[in-house]
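Participant: Here is a sequence with its predicted model. Questions after.
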Amino acid sequence: MSLTMDGTSIPIIVLASGLIVVLVGLWGMMSRRNIIQIIIGFSLTDTGIHMLMVAVGYLNGRTAPIIDDAVDRTQAATLVVDPIPSALVLTAIVIGLGVTALLLAYAIQIYKKNGSLSVDDCSELKG
Amino acid sequence: MIKRATVLLSLLLLGFIFLHIAMDYSPPSALNSISEQYVASGPDELGAANIVTAVLVTYRGLDTLGEVAVLFISAAGVGLLLRRNLGAPTEEKKQRAASELVGTAVHFLLPLIFVLGVYIFVNGHLTPGGGFQGGAVLASGIMLLLLADPHTQLNHGIVEWLESTSGFGYVVVGVLGLVLAGGFLDNRFLDLGTFGELFSAGAMPIIYVLIGLKVGTELSAVLERMKD
């Protein structure tokens, strides 16, 4: 694993950063008491997973999977990166957005009911 | 204390696994067979210059329909959680009006933002972009509008009509593909046209326009629910 910017290490750098962002997000979700901070942790984990998926689909020295002047149609399979992870990331971003919106709506309701955003004040789930 | 130690320990273990993943990862040097098939035959078979769009809208179109459904359900969930009590008196809070700059910028920028959003989803089969991105740009225009004047009321009739019509139209286009062409959401029941033109790739631009409108209206509805 070389850490030079010659292009060979770019997917590994993105992969490693994605894994670190996932870890930071998980730490945020597990250690924070404020619901908004937990949601931010979830959002970070989500973003880290997107970075992982993009890194897995990247091929060195290749361009975006769009046929135009730069990409010859007959040679396309040797010139472009993997289109499937890109399409999956697009899906994952939208689903993540929907889930985050739903989480924030729950947070608003919890704040209205308890008057605080701390998970310690949510007594419903305690045995 | 024990809780904090557990958190730390589990993160360390997970980090150890992640470290191995990152160290042992060797980037592939060629496309796998499915991707190669999509890249090689996508432009000829479906007439789309953007292969990501070909995968998203046609090859795996059913996934995208499910995705739009998930987005709809989450928007409906937000609407349910943040519904207003119609009987309860709405208390008027004193709010400072938005500054002159924001107010003027809205009138100037809103049409441009909408045009950009429409451009992005109309050209989804040719350039980077598409229904989801264009829809998000439309919703960002609505967000600017709500920031400038939080009392803005969206016309719920138009929003609901657009949302339900575009969702219904998406399924209708899918069924038309099933009846007139090879399968559900097949785009080839319309003429594929000249490769690289705006009106090409069969039903793909129609599907992306419908997705763009649906995503834009859904996100706008979520934003409007969140504002109070």
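Facilitator: Good, I have the coordinates.
Participant: What's the first helix or strand after the helix or strand of chain B with the lowest mean pLDDT?
Facilitator: When each helix and strand of chain B is scored by mean pLDDT, DSSP states H and E, helix B:33-46 comes last, with a mean of 79. Of the helices and strands lying after helix B:33-46 in sequence (DSSP states H and E), the nearest is helix B:51-53.
Participant: Need the residues that contact that next one.
Facilitator: The contact list for helix B:51-53 (CB atoms under 8 Å, 6 or more residues apart in numbering or on different chains) reads A:65-67, A:76, A:80, A:83, A:86-87, A:90, B:38-39, B:42-43, B:124-125, B:128, B:130, B:204, B:208. C-betas here are computed from N, CA, C, even on glycine.
Participant: The same query, at a cut-off of 6 Å, please.
Facilitator: Residues outside helix B:51-53 that contact it (CB atoms under 6 Å, 6 or more residues apart in numbering or on different chains): A:Pro65, A:Pro83, A:Ser86, A:Ala87, B:Val39, B:Gly42, B:Gly124, B:His125, B:Gly130.
Participant: any residue of stretch B:16-33 up close to chain A?
Facilitator: Yes: residues of stretch B:16-33 contacting chain A under CB under 6 Å from any CB of the partner chain: B:Phe18, B:Ala22, B:Tyr25, B:Pro27, B:Leu31.
Participant: Within the helices and strands, which one has the residue of chain B found nearest chain A?
Facilitator: The nearest approach of chain B to chain A comes at B:Ser74, 3.4 Å away (CB to the nearest CB). Counting by DSSP H and E, the element that carries B:Ser74 is helix B:61-81.
Participant: which strands and helices sit next to that helix?
Facilitator: Counting contacts by 3 or more CB pairs under 6 Å, 6 or more residues apart in numbering or on different chains; DSSP states H and E, helix B:61-81 packs against helix A:83-114, helix B:204-226.
Participant: one step back: how about the least confident helix or strand of chain B: buried residues?
Facilitator: B:Ser35, B:Tyr38, B:Val39, B:Ala40, B:Gly42, B:Pro43, B:Glu45, B:Leu46 (16 or more other CB atoms under 10 Å in any protein chain shown).
Participant: per-residue confidence at the residue nearest in space to the middle of chain B?
Facilitator: In chain B, the centroid-proximal residue (CA atoms, centre = their mean) is B:Phe132; its distance is 2.3 Å. Note on B:Phe132: pLDDT of 87.
Participant: Contacts for the helix or strand encompassing it next, please.
Facilitator: Using DSSP H and E, B:Phe132 falls within helix B:131-148. Here helix B:131-148 makes contact (CB under 6 Å, 6+ apart) with A:94, B:98, B:102-103, B:106, B:110, B:113-114, B:116-117, B:120-121, B:152, B:208, B:211-212, B:215-216, B:219-220, B:223, B:227.
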